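> Can you look at this prediction? I've put the sequence above it.
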Number of protein chains: 2
Amino acid sequence: MPDPITRRGLRSKAGIISAAASLMYERGVAATTVEDILVASGTGKSQFYHYFPDKNALIIEVLSHQLAVILEDQSRFDLDSWDGIVGWFRALIDRHESWWGLHGCPLGSIANEVLEHGEPLRRGAADTFARWESTLTAALEVMRGRGELVGTADPAALAEAVIAIIQGGYLLSSIKRDPSPMRGALLAALGYLASYAPAAEGQVDRLQSRLGR
Amino acid sequence: MPDPITRRGLRSKAGIISAAASLMYERGVAATTVEDILVASGTGKSQFYHYFPDKNALIIEVLSHQLAVILEDQSRFDLDSWDGIVGWFRALIDRHESWWGLHGCPLGSIANEVLEHGEPLRRGAADTFARWESTLTAALEVMRGRGELVGTADPAALAEAVIAIIQGGYLLSSIKRDPSPMRGALLAALGYLASYAPAAEGQVDRLQSRLGR
């Protein structure tokens, strides 16, 4: 049986991470102090420093927490199918029809801010994005295995491009408060994925080959 | 003849903006204090507050300054041609082969940080991105006029999508220190643009229509 004190400890650690994630997503990382997080999570300073030696250790956990939120939402879609991908993309666009609680990508907006704050944070962000990409890579590998993508398609490269494009859509749609940039960006992402469906074309390939495809 | 004191004033205002832009791009906006900017630009506090009532007023000028840097670089390419677009995209990819002085998109990385710091800054960022987009919109209009894009192509929507995608490429390539996400994102952007070239295809259109194209 798990030790009840340890279980309580895990709950309070999770509470700190969750409170920190909300504050950092809404206000930004720099604008969120340890004091803010203690108040929001109802924990004491000594408890905080017991779990997190410094703010950076907490930020890495916050990035993981934000990814978990994204993956939970994403699990509604069967991403190993065109229908699932289109549904996921539609949901990303529709989310920008309202601004309630939306402050850019849950992961990317925080990652952007900590990117220049030392190698451990940059690596933490890179690892978190790699985990996100791996879920899409796995789905695209299934599609390729079923012949829904051609054999020359590179699931990891496609997944990486799609996640990058989603980041751009989030940023510009957030700046403009308009779903239009996200829609345009995802139209391009979908077209790129679809260009690896068994029916191919000429002009697109010719131009893309000049960028190294 | 211009008043030499006014000219000196304009120079010192430009010096403050330029120093602030470098610091904010390298360290982030929150991590850059007015004191840092005074030291870096060699100006006094009273002179600073003569030009900028507060840090927000300066940030809006910094966004414009960053756009000017982008447009200066972009002017090397004739963006109203496929060759020019491919050249521009290649340069954006090649820039990520080395990390010297690169801290994400000169404009987008700063815009991302100030996005949640009040409506004036969000609007300032939106206006600055709109000015960037308008340069690409104008180029795509020329291509459409020459029949290099079909009549149904929407230059403003395409420009917006391309700028969004570039943002995503910058963010993920910066996080990973790898040009690969920028390349993948721009392959998708190019394919999207090329799908409006006079030779069209079927599968891409059919899927994209489900996102509202």
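Great, that's in hand.

> ok, which stretches of chain A are helices?
A:4-27, A:34-41, A:45-51, A:55-74, A:82-94, A:108-114, A:119-145, A:155-176, A:180-194, A:203-208 (DSSP state H).

> Can you lay out those as a markdown table showing distance to chain B, mean neighbour count and mean pLDDT?
From N, CA and C alone the C-beta is placed, and that goes for glycine too. Formatted as a markdown table, these follow (distance: least, Cβ to the nearest Cβ, whole Å; neighbours: other Cβ atoms under 10 Å in any protein chain shown; pLDDT from 0 to 100):
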| stretch | distance to chain B | mean neighbour count | mean pLDDT |
| --- | --- | --- | --- |
| helix A:4-27 | 6 | 16 | 88 |
| helix A:34-41 | 14 | 16 | 95 |
| helix A:45-51 | 21 | 14 | 93 |
| helix A:55-74 | 11 | 18 | 96 |
| helix A:82-94 | 5 | 18 | 91 |
| helix A:108-114 | 5 | 26 | 92 |
| helix A:119-145 | 5 | 18 | 97 |
| helix A:155-176 | 3 | 27 | 97 |
| helix A:180-194 | 3 | 28 | 92 |
| helix A:203-208 | 5 | 18 | 50 |
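
> can you redo those as TSV with distance to B:Glu35?
Shown next, in TSV, are the helices of chain A (distance: least, Cβ to Cβ, whole Å):
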stretch	distance to B:Glu35
helix A:4-27	23
helix A:34-41	23
helix A:45-51	29
helix A:55-74	22
helix A:82-94	41
helix A:108-114	21
helix A:119-145	24
helix A:155-176	28
helix A:180-194	36
helix A:203-208	48
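
> Next, the contact list for A:Leu71, please.
A:132, A:135 (Cβ atoms under 8 Å, 6 or more residues apart in numbering or on different chains).

> switch the cut-off to 10 Å
By Cβ atoms under 10 Å, 6 or more residues apart in numbering or on different chains, A:Leu71 lies in contact with A:131-132, A:135.

> again, but for A:Ala40
If you count contacts by Cβ under 10 Å, 6+ apart, A:Ala40 has them with A:15-16, A:18-20, A:22-23, A:32.

> same thing but at 8 Å, please
By Cβ under 8 Å, 6+ apart, the contact list for A:Ala40 reads A:19-20, A:22-23.

> Would you point out the most distant pair within those residues?
Greatest spacing in the contacts of A:Ala40, by Cβ to Cβ: A:Ala20 and A:Ser22 (7.4 Å).

> Could you pull up the residues touching the residue nearest to A:Val114 when sequence neighbours are not counted?
Nearest-residue entry for A:Val114: A:Leu121, 4.3 Å, with adjacent residues in sequence omitted and distances by Cβ to Cβ, 6 or more residues apart in numbering or on different chains. The neighbours of A:Leu121, taking Cβ under 8 Å, 6+ apart as the test, are A:56, A:59-60, A:114-115.

> end-to-end on stretch A:39-50?
16 Å (Cα to Cα, to the nearest Å).

> Quick check, A:Tyr25 in contact with A:Gln66.
Yes: with contact defined as Cβ atoms under 8 Å, A:Tyr25 reaches A:Gln66; the gap is 7.0 Å.

> anything in contact with each of the two?
Residues touching both A:Tyr25 and A:Gln66 by Cβ under 8 Å, 6+ apart: A:106, A:110.

> can you tell me which of the contacts of A:Leu121 lies nearest to A:Ser41?
Proximity of the contacts of A:Leu121 to A:Ser41 (Cβ to Cβ) peaks at A:Ile59, which lies at 15.1 Å.

> how close does the closest one get to A:Val114?
6 Å (Cβ to Cβ, to the nearest Å).

> what does A:Glu160 give?
From A:Glu160 over to A:Val114 (counting by Cβ to Cβ), the distance is 20 Å.

> ditto for A:Arg146
39 Å.

> just A:Val150 next, same as before
Taking Cβ to Cβ, one finds A:Val150 at 38 Å from A:Val114.

> ok, now A:Trp132?
16 Å.

> same question, A:Ala159
23 Å.

> Repeat that for A:Val142.
33 Å.

> Using the record's domain definitions, break chain A down for me.
The record assigns chain A these domain ranges, following automatic domain parsing: A:1-52, A:62-211.

> Identify the spatial nearest neighbour of A:Ser64, chain neighbours not counted.
Nearest one to A:Ser64, counting by Cβ to Cβ, 6+ apart, is A:Thr128 at 6.2 Å.

> contacting residues for the one you found?
A:63-64, A:66-67, A:107, A:111.

> do A:Met182 as well
A:92-93, A:96, A:169-170, A:172-173, B:164.

> same deal with A:Ala130?
B:Lys176.

> Please report how far the residue nearest the centre of chain A lies from B:Asp154.
Central residue of chain A (Cα atoms, centre = their mean): A:Leu107, 4.6 Å from the mean position. Between A:Leu107 and B:Asp154 the computed distance is 30 Å (Cβ to Cβ).

> returning to that earlier point: biggest separation within the contacts of A:Thr128, which pair?
Pairwise distances across those peak at 11.7 Å for A:Ser64 and A:Ala111 (criterion: Cβ to Cβ).

> Make JSON lines out of the domains of chain A and add distance to B:Pro179.
JSON lines is the format used below for these (distance: least, Cβ to Cβ, whole Å):
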{"stretch": "domain A:1-52", "distance to B:Pro179": "26"}
{"stretch": "domain A:62-211", "distance to B:Pro179": "11"}
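
> so what's the backbone phi/psi at the residue found closest to A:Glu116 once you drop the neighbours it is linked to in the chain?
Spatial nearest neighbour of A:Glu116, chain neighbours left out: B:His103 (5.6 Å); criterion: Cβ to Cβ, 6+ apart. Main-chain dihedrals, B:His103, degrees, to the nearest 10: phi -130, psi 50.

> Tell me which residues touch A:Phe77, please.
A:Phe77 touches A:84-85, A:87-88, A:91, counting by Cβ under 8 Å, 6+ apart.
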